[in-house]
Each structure stands twice: as structure tokens, then as C-alpha cells.
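> Kindly generate the corresponding structure for this input.
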Amino acid sequence: MPRLDRPQDVVQRLRGHWRRSLSEPLWGRSAILALNRVLDSEDEARLPHRRDTCLGPESLAHLVATLTESAQIVSLESALQLHHDQLPRIALTIDGGWRDVATRLHPLLERLAFPASVFLPDPTVRQPWMPDRTLIAEALWHDESDGGRVATRLAELDLPGAPRGGQDERKSQAIADYLQAQPAAQAPRLKEIAQTLWREELAGKDQMEPALDAFSVRRLDQAGLLRFGQLTDVAALGASADARRALQTGRQRLSRLCREPLSTRACTDPGDIATLDRFTRLDADARWLTRTPGWLEPGSDTRRLPRFVIGQPLASSTGKLFDWLLGHLPH
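Numbering: from 1, shown residues only. This is a model prediction of the structure:
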């Protein structure tokens, strides 16, 4: 096997593997990608505590260019339809309802005439939304107080050992390591802690970009490239006294903003399937987009659909992106 001396060699090899795969394994295939935030600065998006959930302008442009070269960027509805195209179909989705949808994402998509689906927080989700671990990370990052107010509060909430201090890459890495050390079983507790920090104004909201306002949602909806749906916290829905009403309230609110809201819903949870199964019966028309990676499988359960969540390292590296996508093809 020839030695690959340069990163470009690896990329070319993976790109060639992707193209050869198009002759059979990717024929008729479709996938959905999920983005969260697009920041003004690539350096900010590249910080260790952000890179798994954020993109910068360069990595976003690189992602779109990579997909354009080897796939079809289509609407969510097209990705969910059976097809026999040689090139795979890829649908872009954006979770959270951040204003960067209007300021950074839509201008690029408009220039290329590519569609996307945006999922806005419904009444079960804080607005704008980011994953719980990311919110805790941002709270720590923005806290430059001498005593470390956020770290002190986390210790009071039985999450000791959080980094303190200023803002530099070393602190960002320490935050990433600190949260990575929290086991998956801690997810419900981390959700409670994130909600507490948000409620107590310790999450650095004043230094974050605001949510999309109603005027912007209407304007983007009328422009035609973006369609809007609901982002739902399945765990919160499970704790609701009236889950059906919570679902209906979110849909009614969205209907006042958009001409044709998506019946498809997106989940904030990585994949709480047992809880999710309880709600598919409450909304017979809805499909639920999870945050579990995978290709869409023809003939499989179409009520729960996988998505590839894209962060800065994947978006900015053709090789990593192709390797990850190809690695999730069914054997």
C-alpha cells in the first residue's frame, strides 16, 4: 500500500473512495445533517469547548462546497423520499433558533440557492437553544470573575472541579475536558444544572447572540429557501402534565409565523427512543429527527430519523467528513 505523506493525499484518497462508493453503496442514499450555531469567527468556533457544536464562516463554506462536489443538497422533504439518483441526497437542518440563521447561514444558502430546514424551540425548550453541556461550557467561558461565580455555583450543585479564570485556549480545553469527564448517565442531572444556570442568569446570555425574532422568521419563510419546524425536548415533554397540549401550542405558534410549517419535529436529545415512542401516537403526521448519526434507511421506521450532527472539525476537513459519513453506512 503506498504511503500517504500529506494530508492532501488522505483527502484525495477518501474523496476517491467516496466517488467509487457512488457507483453502488450510495446510489439512492439520503442523509440529514444537523447544525447548531455559526459564529462570526472561525477561531472562536475552533475553541475546544465549542468545536463539536459550532461552525465558523470558513468551515460552513467548506462544508457546503464539499457536499456540493459529491452530493445533492436538497430539501428535507426530498431527502425523505425514495430515489434512484447516483449522487446521495443531503438535507441541511439547523437546531436552536439563533439569529446567525439570518445573518450568516441564509446569505450563503441564498447565494447558492440551497434549501434548509430550521427548527425553532417550542414551549418545552429554552430559547435560543444549545445542548446542555454546551450551555454549561459557555457559562464557564464567559465567567471571568475573580472568584469564579459559575464554578462555585456548579460545586454547590454537586459538579465540583470546574475551571476558573480568564479566557484563553488553555481554559477552553480545561472546560472541554471537564465536561467530557461527566458520564453519559449524568445527562438528566446536567440538564437540570443547565436550566438552573440559565434561570439564575449565570449562562452568559448577555454575551451571546440573540434568538431569531418573529419578524426575521416571517421574512426568511417568505424568501422561500428555509422552512421552519419545531425543536422539542423529549424529556421535558415526558414530564409535562399535558403533552398533547404542549405539542399543539408549539405548532399553533409556528403557524402564526410561517405559511407551511414542517410537520417533522427535531429532538434536542441524542436519542431518548423509549420516551419518544410515547409521543409518536399524539401527532400522527410527525416524523421526529433525532441526533443519532446514520443514513436514512428505505423501508425502516420513518417516525424516528437519524441525523449527523456536524461540528467545526468535521465541517472544515473533507477527509474527516467523508470518513465519518462512509463509516456509518450499513454493512
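
> Look up the closest residue to T134, ignoring the ones flanking it.
Nearest residue to T134, sequence neighbours excluded (CB to CB, 6 or more residues apart in numbering): T53, at 4.9 Å. Placement of C-beta: from N, CA and C, glycine included.

> Tell me how many other residues crowd H84.
Using other CB atoms under 10 Å, H84 is surrounded by 6 other residues.

> Could you do the one 3 residues further on as well?
Residues near L87, counting by other CB under 10 Å, number 17.

> Quick check: phi and psi on it?
The phi/psi pair for L87 (degrees, to the nearest 10) reads phi -80, psi 140.

> so who does it touch?
L22, L26, S70, A71, Q72 (CB atoms under 8 Å, 6 or more residues apart in numbering).

> Would you mind measuring from it to G327?
As for L87, its distance to G327 is 19 Å (criterion: CB to CB, to the nearest Å).

> mind saving the C-alpha coords of the helix or strand L60 falls within as CSV?
Applying DSSP states H and E as the criterion places L60 in helix 57-70. Output of helix 57-70 as CSV, limited to C-alpha atoms (Å, rounded to 0.1, in the frame of the first residue of the first chain):
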residue,chain,number,x,y,z
PRO,A,57,-17.8,31.1,8.4
GLU,A,58,-14.9,29.3,6.7
SER,A,59,-15.9,25.8,8.0
LEU,A,60,-19.5,26.4,6.9
ALA,A,61,-18.4,27.4,3.4
HIS,A,62,-16.1,24.4,3.3
LEU,A,63,-18.8,22.1,4.3
VAL,A,64,-21.2,23.3,1.7
ALA,A,65,-18.5,23.3,-1.0
THR,A,66,-17.6,19.7,-0.1
LEU,A,67,-21.2,18.5,-0.2
THR,A,68,-21.8,20.3,-3.5
GLU,A,69,-19.0,18.5,-5.1
SER,A,70,-20.0,15.0,-4.2
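
> residues of that helix that come out buried?
Buried residues in helix 57-70, counted by 16 or more other CB atoms under 10 Å: P57, E58, S59, L60, A61, H62, L63, V64, T66, L67, S70.

> Same check on stretch 177-190?
Y178, L179, A187, L190.

> can you tell me the distance between the two ends of it?
Chord length of stretch 177-190, first to last residue, is 15 Å (CA to CA, to the nearest Å).

> isn't S316 right up against E58?
Yes - S316 is within contact range of E58, at 6.9 Å (criterion: CB atoms under 8 Å).

> Neighbouring strands - and their directions - for the one helix or strand T93 maps to?
Following DSSP H and E, one finds T93 within strand 89-95. Under the criterion DSSP bridges, strand 89-95 sits next to strand 30-35 (parallel), strand 72-74 (parallel), strand 116-121 (parallel) in its sheet.

> For the stretch 151-300 of the chain, which segments count as strands?
226-232, 265-267, 288-289 (DSSP state E, counting those that start in this stretch).

> Mean neighbour count, mean pLDDT and distance to Q167 for those strands - can I get that in JSON lines?
Listed next are the strands of the stretch 151-300 of the chain as JSON lines, based on neighbours: other CB atoms under 10 Å; pLDDT from 0 to 100; distance: least, CB to CB, whole Å:
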{"stretch": "strand 226-232", "mean neighbour count": "25", "mean pLDDT": "94", "distance to Q167": "29"}
{"stretch": "strand 265-267", "mean neighbour count": "26", "mean pLDDT": "91", "distance to Q167": "31"}
{"stretch": "strand 288-289", "mean neighbour count": "23", "mean pLDDT": "90", "distance to Q167": "34"}
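
> Adding distance to A31 as columns, could you present those in JSON lines?
Shown next, in JSON lines, are those (distance: least, CB to CB, whole Å):
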{"stretch": "strand 226-232", "distance to A31": "18"}
{"stretch": "strand 265-267", "distance to A31": "15"}
{"stretch": "strand 288-289", "distance to A31": "12"}
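
> so which of the ones you listed comes closest to D122?
Closest approach to D122 among the strands of the stretch 151-300 of the chain (CB to CB): strand 226-232, 4.3 Å.

> The closest one relative to strand 116-121, how many degrees between them?
30 degrees (axes from the mean of the first three to the mean of the last three CA atoms, to 10 degrees).

> Contacts for strand 226-232 next, please.
Contacts of strand 226-232 with the rest of the structure, by CB under 8 Å, 6+ apart, involve 75-76, 95-97, 101, 106, 109, 115-122, 124-125, 129, 217, 220-221, 247, 250-251, 254, 257-258, 260-268, 288.

> of the residues you listed, buried ones?
75-76, 95-97, 101, 106, 109, 115-122, 124-125, 129, 217, 220-221, 247, 250-251, 254, 257-258, 261-262, 264-268, 288.

> Identify the residues contacting L60.
L35, V38, R104, L105, L108, A315.

> How much space separates it from W98?
13 Å.

> which neighbours do the two share?
Contacts common to L60 and W98, judged by CB under 8 Å, 6+ apart, are V38.

> coming back round to it: quick check: the residue nearest to T134 vs D146, distance?
Counting by CB to CB - T53 and D146 are separated by 29 Å.

> out of those two, which sits in the more crowded spot?
T53 (22 against 7).

> State the pLDDT value of that one.
Looking at T53, its pLDDT stands at 94.

> Over to R111?
95.
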